[in-house]
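[1] Okay, sequence plus prediction incoming.
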Amino acid sequence: MERPEALLDLIYAGAVRVAMILEAQEPVRRARIHEAILAAVRLRAGATGFEIRRPVVLACGVRR
């Protein structure tokens, strides 16, 4: 991730439930939540950008 704000973009574009919860907050509270997220991301700065680990499950199967 090249910029901390990219995580907010990811949340709003891909995490529907989280986005709904954030959008339901009062604007001042939502801004405080955004700042807390951005502050946490900034702590994860690495040589190639910001490194955010996310759990992933990869599965495949064969239909019979």
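    Good, I have the coordinates.
[2] Does A39 belong to a helix, a strand or coil?
    Secondary structure, DSSP: H, G, I helix; E, B strand; the rest coil: A39 is helix.
[3] just the helices in this protein please.
    Secondary structure of the chain by DSSP state H: the helices cover 5-14, 16-23, 27-42.
[4] Could you dump the ones you listed into TSV with distance to R64, mean pLDDT and mean neighbour count added?
    Using the backbone N, CA and C atoms, a C-beta is placed for each residue, glycine as well. Formatted as TSV, the helices of the chain follow (distance: least, C-beta to C-beta, whole Å; pLDDT from 0 to 100; neighbours: other C-beta atoms under 10 Å):
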stretch	distance to R64	mean pLDDT	mean neighbour count
helix 5-14	32	87	14
helix 16-23	32	90	12
helix 27-42	44	94	12
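[5] what's the closest of those helices to G49?
    Closest approach to G49 among those (C-beta to C-beta): helix 5-14, 8.7 Å.
[6] Now do that closest one: everything it contacts.
    For helix 5-14, contacts defined as C-beta atoms under 8 Å, 6 or more residues apart in numbering pick out 1, 18-19, 22, 34, 37-38, 41, 50, 52.
[7] That one vs helix 27-42, what angle?
    Interaxial angle, helix 5-14 versus helix 27-42 (axes from the mean of the first three to the mean of the last three C-alpha atoms, to 10 degrees): 120 degrees.
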